[in-house]
Structures are given as structure tokens and as C-alpha cells.
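*Asks:* Provide a 3D model corresponding to the input given below.
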Amino acid sequence: MTRSGRFGNIEHDGIVQKSDINSVIVRISSETACAGCHAAGSCNMSGIKEKIVEVQGSYNVSPGDNVTILMKKSMGYKALFLGYILPFILLVLTLVILLSISLPEGTAGLLSLGMLGIYYLLLYLSRSRIGNAFNFTIKTL
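*Replies:* Below you'll find the model as predicted:
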């Protein structure tokens, strides 16, 4: 992942898997920090994760082409907020409210985790609507 230009784009290199008139499917390999280590073969901590990204639009690419996927940096912040910051705030706020009404700590903790589960369920159920807010573009290499 790199930052590009003055507009603050996030870039990932990938390989086109499928291309049609409406969209392009790109496979991105993200390596963990230890994937380049000389001992990565004997360590269980190393790994490479592959992600599939669908880019809407018509591009002049063929399967097997190397491309770069671009995303605005602000969309990365939005994903960070929805996935980590808002759930943390919700967890702490729920815990403080439940403790302030004199519930036992164990019960308050379990109910707070339950609220977090409900948040992630709602996030999962609205994934298509949220996914439409994240737009990717392709830059050919």
C-alpha cells in the first residue's frame, strides 16, 4: 500500500481476474510485515492474504494484466471509523451508562459486548449500501 500524489490516494497493485463492460475484478495480495523475513517459511506468524476487489466501470484491461487500484484516502478513514472507532465509542459509552445505573460489572460488560455484536450485525446487513460509498478506480501499469 502506498500513498500517491497530492490528492492522497491509497494504491494497491493487483492482477485482473475478470473484466467485462460494467466492472473489473482484481486480486490484490497483501503481505504481512514479516512476509519478507528470511525465517517466514518456518514461522506461523507470516502470511499473505489475497483480497478480491470489484471496480465498477469500463476499463481497457484483460485478465492477467497488472494494474493499480486507487482509493481516496478519505475513504480509508471512513472505513477505519466504521470498523474500529465507532464500535469502540459505542462499547465504552454502553459500559459507562450500564455501570451508572448500578448494574453489576459482569452484567454490564456482557451487555456492552452484546451491543457491539448488534452493531456489527447491523453493519453486516447494510454492507451493500455502505459498499456503494467506497469507490475504486484502476490505473494501468
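*Asks:* what's the spacing between the strand ranked longest in the chain and its chain's center?
*Replies:* Taking DSSP state E as the criterion, the chain has its longest strand at strand 9-19. Here the centre of strand 9-19 is set off from its chain's centre by 15 Å, with CA atoms, centre = their mean, to the nearest Å.
*Asks:* after it, next one along is what?
*Replies:* strand 23-31 (DSSP states H and E).
*Asks:* which residues sit against that following strand?
*Replies:* Outside strand 23-31, the residues that touch it by CB atoms under 8 Å, 6 or more residues apart in numbering are 1, 12-19, 47-57, 59, 61, 67, 69, 138. Where you see a C-beta, it was placed from the backbone N, CA and C, and this is true even at glycine.
*Asks:* relative orientation of the very next helix or strand once past that strand and strand 23-31 in degrees?
*Replies:* Toward the C-terminus, strand 23-31 is succeeded by strand 48-56 as the next helix or strand (DSSP H and E). On the basis of axes from the mean of the first three to the mean of the last three CA atoms, to 10 degrees, strand 48-56 is oriented at 160 degrees to strand 23-31.
*Asks:* Can you dump the C-alpha atoms of strand 48-56 in PDB for me?
*Replies:* Extracted C-alpha coordinates of strand 48-56, given in PDB (Å, rounded to 0.1, in the frame of the first residue of the first chain):
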ATOM      1  CA  ILE A  48      -0.100 -13.400   2.500                       C
ATOM      2  CA  LYS A  49      -3.800 -12.500   2.300                       C
ATOM      3  CA  GLU A  50      -5.500 -12.200  -1.000                       C
ATOM      4  CA  LYS A  51      -8.400  -9.900  -1.500                       C
ATOM      5  CA  ILE A  52     -10.800  -9.600  -4.400                       C
ATOM      6  CA  VAL A  53     -11.900  -6.100  -5.300                       C
ATOM      7  CA  GLU A  54     -14.700  -5.300  -7.800                       C
ATOM      8  CA  VAL A  55     -14.100  -2.000  -9.600                       C
ATOM      9  CA  GLN A  56     -17.200  -0.500 -11.200                       C
END
